[in-house]
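Undergrad: Generate coordinates for the sequence data below:
(chains A and B)
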Amino acid sequence: MNLFAIFARIRYIRATLKMEALHEKKLKHLEEIANRLRQDVIEMVSRAGSGHIAGPLGLADIVAAFYFHVLNHNPKKPQWENRDRLVLSNGHVCPVFYAALARAGYFHVDELKTLRQINSRLQGHPHRGVLPGLETTSGPLGSGISQAIGMALAAKLDGKKHRIYCVTSDGEHQEGNTWEGIMFAGKNKLSNLTVVVDRNNIQIDGFTENIMPLEPFRQKYEAFNWHVLEIDGHNIEHFVDAVAEAKAIHEKPTVIIAHTIPGKGVDFMENDYLWHSKPFKSGEAETALKELRTLRGKIRSEHQ
Amino acid sequence: MVNPEAKLSPDVFDADKLQMMPTRDGYGAGLIIAGEKNKNVVVLCADLTESTRSEAFSKRYPERFFECGVAEQNMATIAAGLGVSGKIPFISSYATFSPGRNYEQIRTTIAYNDSNVKIAGHHAGISVGPDGATHQATEDIAIMRAIPNMKVIVPCDAIEAKKATVAAAKIWGPVYLRFQREKSPVFTTEKTPFTPGKAEIFWESRKPQVLIVGCGALLHNALLAARELDEKWDISSVVLNVHTIKPLDEEKIVALAKKTGAVVTVEEHQISGGLGGAVAETLSRRAPVPMEFVGMKNTFGESGLPPQLLEKYGMGVKDIIWATKKTIRKK
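TA: So this is what the prediction gives:
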C-alpha cells in the first residue's frame, strides 16, 4: 500500500468515525427533543383542560425525528416552495406537532400555552390558515393521505424534488377515503410520497382489533402496490433508516408502519386506550411530568 | 322588453332558431380555454369523463388530467392537496356525489383549508330526467352556499357556463359551479356581460310591477313568462340573471325589489336554501316585499322526460306566471 493510499484510508476511517460519532450525538439529541416534546404535550393539554394525550406521546419520537432531522425545511421561511411537506392526517394529535413547530422555531414556545383557548392560533384541531408550518387543516379522519397525494402530484408536475410525508393513525384506516387514496397512489406509483402510520392499536372506543380489525395490515398495503416497512416507532435510528429506504424506492409509494405505544413515556398511560383523550385528574399531570423529567427515575431531575 | 345591454341572442324567443346545448358543454369548452391560458389548471374526474365533458381536456392535456375512479371523497381531497401547491384543480362529477357525498371533505380540506379548488357539480336539477331522483341534485346550492369561503355560480346557458368556468380559474379560492345535463336554449351571446358577483338585467318592461330573479337554464322560462305577462296580462316585470348566488349582488336585488315591490325567484333546486333562500335572507333584512318561490318544494324528483318533470314539479312557464300574479296580489 503506497503512502497516498494509506492517507486515503486514514481519511476514510476518520470520516466514518466522525459520522458515527455525530450520528450518536444527533440521536441522543433527538431523543432529548422527543422527551421535551412529551413534557410540552402534558403541560399544554393539562393547561388547556382538554385535548388528546396518548397519541401525541406515542408519536413524539417520530415527530422529533421529522422536524429536527428528516425534513428539509426552513422555519424562517414556512412557505419556501422546495420544502418537504409533512401532512398531518390525524389532526387530533396536534399538540406534539405544535410543540415541535415551536421548538423548531416556527413560532415562540410561549404560544404553546394558548392551546385550545379563544383567539389562539393553536386550534383544538390544526388549521393551516393561521399557524406557520402547518401544511393542511385536519381533524376529520381519513383525508390526509389524499391531500398528500395532491401535493405529490403537484411536485411531479412541476419537476420538484421535495418529498411529501403524511402522518396518519391506524384507526383512520377504517375510513373509506383512506383506502381510496391508497388505491390511487399505488396505481400512480407516487414514489415521492411516504406515509407513516402510527400503529398504536387504540382508538376512542377501544383497541382497533376489537372495534374494526385492520390486520393483516401490511398485506393490505402490499396488495395496493405499496412498499411496506415496519419499524419500532420509538427507535429513531430505525425510523430514519426507513425514511432513507423510502427515498430509494422509485416505483412505489412507501408506507412505514410504525409500531408505537400510546402514552409512551408515562407509565400509567401506556397502552391504556382511555388516555386517548381525557382530562387530567389532580396530580396526574405532575406525576407524568416528573416521570418524563427523570426518565422514569433513571436520572435526578433538576427540580428534585 | 329584452334589455339591449344584455346583448342576448336575437333568437331568444324563436324556439325554431334557438340553438340547444347543455350547460355542461360550456364547462368542457371553458376547461380548454382555462387550461390554455394557465398551465396550472388541472382537471380531476371520478369515472364520468365523457358526461361531465372533461374528456376534451383529458385528451388535450393528458398529463394534467387525473382519473380518480369512482371515489369522490378522494377526488376532493387530492384536489385540496393540489390546490395548496400552486395548482388550480377542477373536480368533475355529478352534483349528488360531488358536493353530495364528499361534503365534509369539501368543507374541511377545501373551504376551511382555503385551497384553490373548483367544484363542478353536473347533472343538477330534476331535468336530469330518466335517471331519477338519486341522480337529480336539488340541494347542492344550499349545502355549498352555507360553507364559509365558498363561492357559488349557476350559469344559465352553455355560453355563460364557458365564461363561468374560465372566470372560476381566475378567482382565488373555492368555487362551486353548477351544470345541467339536458340541452337548454343558448340565449346569451359571447357579448353578454358576465362578471362573477354581478347580476344582469335580461328583461325590463316600463314601470315594472314585479322582479323575477332566476338562475340556471330555467332563466329562459322566466323570460318566456315575462313576455307572456307583458303581452297577455299587462303585467310588467324585470328578469334578473343572478348567476352568482354567493356572493349575492345584494345592491342590485335590493334596488329592484324596492323599485318593483314584489319578487319571484326561479330555480331548479329546493326553495329552501337555494337562490330563493338567499334572496329572501337579503330582502327580509333590507327591503321586505311580498315573495313567491318557484322551485322544488321539499320533495324529491323522479324518472321522466325533462319537460314532463318541470311541469309536474311546478317549474314551467305557467308556474312562473302564476307565482308572479300571486306575489303582486300580496302587495
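Undergrad: Could you check the pLDDT of whichever residue of chain B sits closest to chain A?
TA: The minimum distance from chain B to chain A, using CB to the nearest CB, falls at B:G81 (2.1 Å). For the C-beta atoms, the positions are set from N, CA and C on the backbone; glycine is no exception. At B:G81, the pLDDT value in this model is 98.
Undergrad: now do A:P132
TA: 97.
Undergrad: Might one say that it is in contact with A:H108?
TA: No. Checked against CB atoms under 8 Å, the pair A:P132 and A:H108 is beyond contact range at 11.3 Å.
Undergrad: Neighbour count: those two, which is higher?
TA: Applying other CB atoms under 10 Å in any protein chain shown to A:P132 and A:H108 shows that A:P132 carries more neighbours, namely 15 against 8.
Undergrad: Distance-wise, check the closest residue to that one other than its chain neighbours relative to A:A65.
TA: Computed as CB to CB, 6 or more residues apart in numbering or on different chains, the closest residue to A:P132 that is not its neighbour in sequence is A:P78, at 4.0 Å. Relative to A:A65, A:P78 is positioned 20 Å away (CB to CB, to the nearest Å).
Undergrad: the more surrounded of those two?
TA: Taking other CB under 10 Å, A:P78 and A:A65 do not tie; A:A65 has more neighbours (27 against 16).
Undergrad: Contacts only, for the more buried one.
TA: A:A65 sits next to A:L30, A:A34, A:I236, A:F239, A:V240, A:V243 when contact means CB atoms under 8 Å, 6 or more residues apart in numbering or on different chains.
Undergrad: Could you count how many residues lie near residue 294?
TA: If you meant another chain, say so; for now it's chain A. Neighbours of A:T294 (other CB under 10 Å): 15.
Undergrad: Sorry, I should have been clearer: chain B.
TA: Neighbours of B:V294 using other CB under 10 Å come to 30.
Undergrad: now B:F13
TA: The burial count for B:F13: 16, using other CB under 10 Å.
Undergrad: Just the element for it, please.
TA: Assessed by DSSP states H and E, B:F13 sits outside every helix and strand.
Undergrad: residues contacting it?
TA: B:L223, B:L224, B:R227.
Undergrad: hmm, back to that, which of the contacts of A:A65 lies closest to chain B?
TA: When the contacts of A:A65 are ranked by distance to chain B (CB to the nearest CB), A:V243 comes first, at 20.1 Å.
Undergrad: what number of residues lie near the residue of chain B closest to chain A?
TA: Neighbourhood size, B:G81 [other CB under 10 Å]: 33.
Undergrad: what sits against it?
TA: By CB under 8 Å, 6+ apart, the contact list for B:G81 reads A:V87, A:T136, A:S146, A:Q147, A:A148, A:I149, A:G150, A:M151, A:A152, A:L153, A:A154, B:S115.
Undergrad: surely A:F268 meets A:A285?
TA: No. With contacts defined as CB under 8 Å, A:F268 does not count as touching A:A285, sitting 11.5 Å away.
Undergrad: Excluding chain neighbours, give the residue nearest to the closest residue to chain B within chain A in space.
TA: Nearest residue of chain A to chain B: A:G150, at 2.1 Å (CB to the nearest CB). Counting by CB to CB, 6+ apart, A:G150 lies nearest to B:G81, which is 2.1 Å off, once chain neighbours are set aside.
Undergrad: tell me the secondary structure for the one you found?
TA: helix (DSSP: H, G, I helix; E, B strand; the rest coil).
Undergrad: For residue 178, give me phi and psi.
TA: Let's take chain A. Reported as degrees, to the nearest 10, the phi and psi values for A:T178 are phi -60, psi -50.
Undergrad: actually it's chain B I care about, not the one you picked
TA: Here is the backbone geometry of B:R178 (degrees, to the nearest 10): phi -110, psi 130.
Undergrad: Please apply the same query to the one 5 residues further on.
TA: According to degrees, to the nearest 10, the main-chain angles of B:K183 amount to phi -60, psi 140.
Undergrad: For A:L134, see how far away it is.
TA: 46 Å.
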